[in-house]
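A.B. asks: give me the fold of what follows.
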Amino acid sequence: MTTTAMDQKPVNATHKRLLAQRNIGIMAHIDAGKTTVTERILFITQKIHKMGEVHDGATTMDFLEEERKRGITIQSAATTVEWKGTTINIIDTPGHVDFTAEVERSLRVLDGAVAVFDGVQGVEAQSETVWRQADRYGVPRICLINKMDRTGASFEYCVQTIIDRLGAHPVPVQIPVGAERDFKGVIDLVRMIYIEYPEEGNGKDYKELPIPESHVEAAKKARHDMLEAAAEFDDVVLDKFVEDQEISIELAKGALRKGALSMRIVPVLCGSALKHKGVAQLIDAVIDFLPCPLDVKPLVGTKPRSDEEVTRKPDDSEPMCLLAFKTIAEPTGDLTFVRVYSGVLNASARVLNPRTGKIERIGRILRMHANKREAIDDVRAGDIAAVVGLKNTYTGDTLCDEDHPILLSKIQFPDAVISMSLEPKKGGDRDKLSEIIAKLKREDPTFRAQTNPATDELVISGMGELHLEIVVNRIQNDHKCEVVTGKPKVAYKQRLSRAVDTEARFIRQSGGRGQYAVINVKIEPAQTEGNGFEFVDAVKGGNVPREFIPAVEYGLEMAFGGGGQLGFPFINVRATLYDGKAHDVDSNEMAFQQAGQLAFRQAAEGNVTLLEPIMKLEVRVPEDFMGAVVGDLNSRRGEVSEVDAMGNLRIIRALIPIAEMFAYSTALRGATQGRGSFAMELHEYRDVPRNIAEKILADAAK
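C.D. replies: Model prediction:
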């Protein structure tokens, strides 16, 4: 039988504090209602006294101008609420795939999550993406089937999509009473009571009543199914269940909690956040079923520049260790969000950044409430806060006690899939634009910018058209720098087609001392860590002096990173240096570095295969328009893999190159009279078909 921290009696003040703390994220597909759920939580917990609506651009958590204008969440926002003696840190994350990095870095530091699903649509494309991200980080979840008052809402359908599309084991702990316009309340299967909501309520004025006679049998069956799932995690519950004895509320909650923390079951609730129905019960479920910091396994890292493992427990008495998971560049200095895993961080503390090996000094520590902030003296193990004053700390960096160094694993972010050129309208704004770009790169790890050495133009890259559109709008509106953009382009990659043995000779004589380096290198396609570059030193006999081998590696890596003649990044290359020649007088590091670059260029000439990003696409259209939409996808090199029916709606799933998806939203609106919608995410990179590759190569050569 497994145990949780809640089964233990507090042994000290830290233990007691952590038992009464939750760090959670709200995650879902775009428009499922995440921000509305968060807004209602803030109101019910009295963090705010007036609620705003997403459609009015007036919610607390969506405070950026672009968020309010578009009615979507673009960057994650943090807040803290108190409920029934428990402190809950909440991060509201974006639902659009272009901002998936915000979800990635939030889940890296959170202990639990609430997955919100649309009561009509069930599991949608981006809800599947964020679910997989939570799986990767081992984050336990509870589910809220939201919008139960919408026409076409079906609790049973949504639960089934969690099984079919996510492969999860959903366990309803509530069932709805009524649906669509007649959604009146829920039956709490743990306490076996009916919770009725008024038609025009504020989330606080519900009634707890006996279960209506018409729903007693359905409630008994649903409770039996719930207890059957929970019994697997508690021997006492199992014995009572087998013997058909009454199971107390506390026993049932405890068993469900153990199942949720093991991630083998997912408790499911229902409600309508917009109409204030079910939110108070959702907050109770966060406390009942999601982990406190003590339920999470001790943190494992390594000693810097070593493979030796080091652990940290969530305790104030342990050496300080925190992870910087988000940066906001501000005129007065970067605002850095941190999760403190162990120890206590005080204002003005000195902390070590193991990545740079440098000491940083904390300025102020802030408790965040969306864009509002409150200065605090310290932040303790298990908590989340923001700090001001860090100069060289970026997303994913560890900060720790300089006497007890530890390095945590970095946060992995997806590659950019689309790029465009960018230049200032006024020549005098070039330096200003460079500063703005540097700030945006610090804030957003999926935003890339570099200068194309062949054309000297600035190229920015991101996760999609919307991502880059918002970046450009922020440059112009927030930072007051007018820019001109080029057409969006696909972020192609290159791989070597075949292995090549090459001899690179860099020999220059100019009367005095010359340059001399000869190297023999085998350069080949290979599976490398992080899709990168791998160098192998196989030199025997000293034909290449040891002091020049790092220069060869550096030259090869420079050429690899430069993208060759086409400028597209290379992936998966192994270079094996096995022979060469040196001159007693004319050989030096620069000559061997140049030879390394020459070797890579020789190996890549006429030996590259272009790769393009392939997107996983989900299109939802009324049945009448399905033929036209499928035909259009086929004409765009799409591969339709599946078509599901949901009433009159058809859900088309396909794989399609992003090169064929520019301005697709306009085409879909035209083909479906504005009734179609779509979502997509990066699936993989594939070889570009030969006829298309030839055209791309010809255009790049121009």
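A.B. asks: can you report how many residues lie near the nearest residue to residue 368 once chain neighbours are set aside?
C.D. replies: Residue nearest to residue 368 in three dimensions, not counting chain neighbours: residue 78, with 4.6 Å by Cβ to Cβ, 6 or more residues apart in numbering. Quick note: C-beta positions are derived from backbone N, CA and C, even for glycine. Neighbours of residue 78 under the rule other Cβ atoms under 10 Å: 21.
A.B. asks: give the contact list for residue 78.
C.D. replies: For residue 78, the contacting residues are 89, 90, 91, 337, 368, 369, 370, 384, 386, by Cβ atoms under 8 Å, 6 or more residues apart in numbering.
A.B. asks: that one belongs to a strand?
C.D. replies: Yes - the assignment for residue 78 is a strand, going by DSSP: H, G, I helix; E, B strand; the rest coil.
A.B. asks: so how far is residue 25 from it?
C.D. replies: 10 Å (Cβ to Cβ, to the nearest Å).
A.B. asks: okay, and the common contacts of these two?
C.D. replies: What both residue 78 and residue 25 touch, as defined by Cβ under 8 Å, 6+ apart, is the set 90, 91.
A.B. asks: what about residue 114, neighbour count?
C.D. replies: Neighbour number of residue 114 under other Cβ under 10 Å is 24.
A.B. asks: report the mean per-residue pLDDT for the helix or strand where it lies.
C.D. replies: Assigned by DSSP states H and E, residue 114 belongs to strand 112-118. Averaging pLDDT along strand 112-118 yields 94.
A.B. asks: so which elements touch that strand?
C.D. replies: Contacting strand 112-118 under the criterion 3 or more Cβ pairs under 8 Å, 6 or more residues apart in numbering; DSSP states H and E are the following elements: strand 21-28, helix 34-44, helix 125-137, strand 141-146, helix 155-166, helix 279-289.
A.B. asks: of these, which is nearest residue 509?
C.D. replies: helix 125-137 (56.3 Å; Cβ to Cβ).
A.B. asks: got a list of contacts for that closest one?
C.D. replies: 27-30, 32, 93, 95-97, 100, 103-104, 107-108, 110, 113, 115, 117, 123, 141, 165-166, 168, 263, 616-618, 679-681.
A.B. asks: same thing but at 6 Å, please
C.D. replies: Helix 125-137 is contacted from outside by 27-29, 95, 97, 103-104, 107-108, 113, 141, 165-166, 618, 679, 681, using Cβ atoms under 6 Å, 6 or more residues apart in numbering.
A.B. asks: tilt between that helix and strand 141-146?
C.D. replies: 170 degrees (axes from the mean of the first three to the mean of the last three Cα atoms, to 10 degrees).
A.B. asks: make 362 the first number, not 1, from now on.
C.D. replies: Yes, from this point I'll number from 362; that puts the last item at helix 486-498.
A.B. asks: list the buried residues in helix 486-498.
C.D. replies: Neighbour-count burial for helix 486-498 flags 486, 487, 488, 489, 490, 491, 492, 494, 495 (criterion: 16 or more other Cβ atoms under 10 Å).
A.B. asks: could you export these as TSV, including distance to residue 404?
C.D. replies: TSV is the format used below for the buried residues of helix 486-498 (distance: Cβ to Cβ, whole Å):
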residue	distance to residue 404
486	30
487	26
488	25
489	30
490	29
491	25
492	27
494	28
495	26
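A.B. asks: name the nearest of those residues relative to residue 822.
C.D. replies: The closest of those to residue 822 turns out to be residue 490 (Cβ to Cβ; 19.8 Å).
A.B. asks: please identify the helix or strand for the residue nearest to residue 551 when sequence neighbours are not counted.
C.D. replies: Distances taken as Cβ to Cβ, 6+ apart place residue 613 nearest to residue 551, at 5.1 Å, with adjacent residues excluded. In the assignment (DSSP H and E), residue 613 maps to helix 610-622.
A.B. asks: contacts for that helix, please.
C.D. replies: 363, 365, 501, 551-552, 591, 594-595, 598, 626, 628, 649-650, 652, 656.
A.B. asks: repeat for stretch 578-598
C.D. replies: So stretch 578-598 is in contact with 362, 532, 536, 548, 550, 572, 599, 602, 608, 612, 616-617, 619-620, 626, going by Cβ under 6 Å, 6+ apart.
A.B. asks: if we go to 7 Å?
C.D. replies: 362-363, 532-534, 536, 548, 550, 553, 572, 599, 602, 608, 612-613, 615-617, 619-620, 623, 626 (Cβ atoms under 7 Å, 6 or more residues apart in numbering).
A.B. asks: perfect, that will be all.
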